[in-house]
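S.K.: I'd like to go over a predicted model; first the sequence, then the structure.
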Amino acid sequence: MTPKSPEGDFASAPPLGGWGVKAFFDILVYTNFFVPLRNSILIMQRMKFRIYLDNCCFNRPYDDQSQPCVRFETQAKLYIQRMVFERKVELVWSYILKYENSRNPFNAKKHAIARWEKLSATFVNMSDEIIATAEEITATGIKTADALHISCAIASNCNYFITVDRRLFGYKDKRIIICNPVDFLNQIEI
């Protein structure tokens, strides 16, 4: 007698080397082979990552898309924005992000980016703590504006600081993961 799984009858699967693909999958489901994997995916879905995208990242779709790397980062960034819109991740916005975006000479880009502030879960204002952390970061050679972005992300307990500025990838801090949009999606295993 052929065992049945909750997903269906093994006998209905087409043969493939003696076993049908569906039958093989049904056996794995029936024997709870995927339970640990399924549980880790469920845990991941319940845990919302808090992310901070810097101004370079927000502007990536407006860069020259003829380079494959730029195109991949743009697609990943747009997927991350969809995750923000669907509330799968929490976006953090800051005073330095607002300031830098306000200086964008292209009004259409400026307004398109500014709309994401409304979808952010948290707004980070300037504080002595942020300034002190930024000073520590600038001591490592990071520019002031970039250090303020990273400091805001750390102060708001972000899990990830997402940027396309390659100069920032060398900076390591145990309080936050700095990565590009493609690496972020790879790390959270979408």
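M.R.: Received it, and whenever you're ready, just let me know what you need.
S.K.: Wait, Lys109 touches Asn59, no?
M.R.: Yes. Using CB atoms under 8 Å, Lys109 is in contact with Asn59, at 6.8 Å. In this view, the C-beta of every residue, glycine as well, is placed from N, C-alpha and C.
S.K.: So those two - more neighbours on which side?
M.R.: The neighbour count for Lys109 versus Asn59, taken as other CB atoms under 10 Å, is higher for Asn59 (20 against 15).
S.K.: what pLDDT does that one get?
M.R.: Looking at Asn59, its pLDDT reads 95.
S.K.: which residues are in contact with whichever helix or strand it is part of?
M.R.: Assessed by DSSP states H and E, Asn59 sits inside helix 55-59. Contacts with helix 55-59, where a contact means CB atoms under 8 Å, 6 or more residues apart in numbering, come from 77, 97, 100-101, 104, 109, 113, 116, 149, 162-165, 181.
S.K.: Export that helix to PDB, keeping only CA atoms.
M.R.: Taking Å, rounded to 0.1, in the frame of the first residue of the first chain, the C-alpha atoms of helix 55-59 are listed here in PDB:
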ATOM      1  CA  ASN A  55      21.200  58.400   0.600                       C
ATOM      2  CA  CYS A  56      23.400  56.600  -2.000                       C
ATOM      3  CA  CYS A  57      21.200  53.600  -1.800                       C
ATOM      4  CA  PHE A  58      18.000  55.500  -2.200                       C
ATOM      5  CA  ASN A  59      19.500  57.200  -5.300                       C
END
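S.K.: and that helix, which residues are buried?
M.R.: With burial defined by 16 or more other CB atoms under 10 Å, the residues of helix 55-59 counted as buried are 55-59.
S.K.: Okay, helices next: where are they in the chain?
M.R.: Taking DSSP state H, the helices of the chain run over residues 21-30, 35-46, 55-59, 68-85, 95-102, 107-114, 128-138, 144-155, 181-188.
S.K.: what about the fourth one, average pLDDT?
M.R.: Along helix 68-85, the predicted local confidence has a mean pLDDT of 95.
S.K.: again, but for the second one
M.R.: When pLDDT is averaged over helix 35-46, the result is 46.
S.K.: Widest-spaced pair of the contacts of helix 55-59?
M.R.: Using CB to CB, the two most remote members of those are Asn104 and Pro181, lying 19.5 Å apart.
S.K.: Tell me which of these two has more neighbours.
M.R.: Remark: of Asn104 and Pro181, Pro181 carries more neighbours, 25 against 18, as counted by other CB under 10 Å.
S.K.: per the record, what domains does the chain have?
M.R.: Residue ranges of the domains in the chain are recorded as 8-44, 48-188, according to automatic domain parsing.
S.K.: Pick the most deeply packed of these.
M.R.: Highest mean neighbour count of these: domain 48-188, a mean of 17 (counted as mean count of other CB atoms under 10 Å).
S.K.: so Trp93 bridges to which residues?
M.R.: Phe123 (DSSP bridges).
S.K.: Hmm, it is touching Thr122, no?
M.R.: Yes. Trp93 lies in contact with Thr122 (CB under 8 Å); the separation is 7.1 Å.
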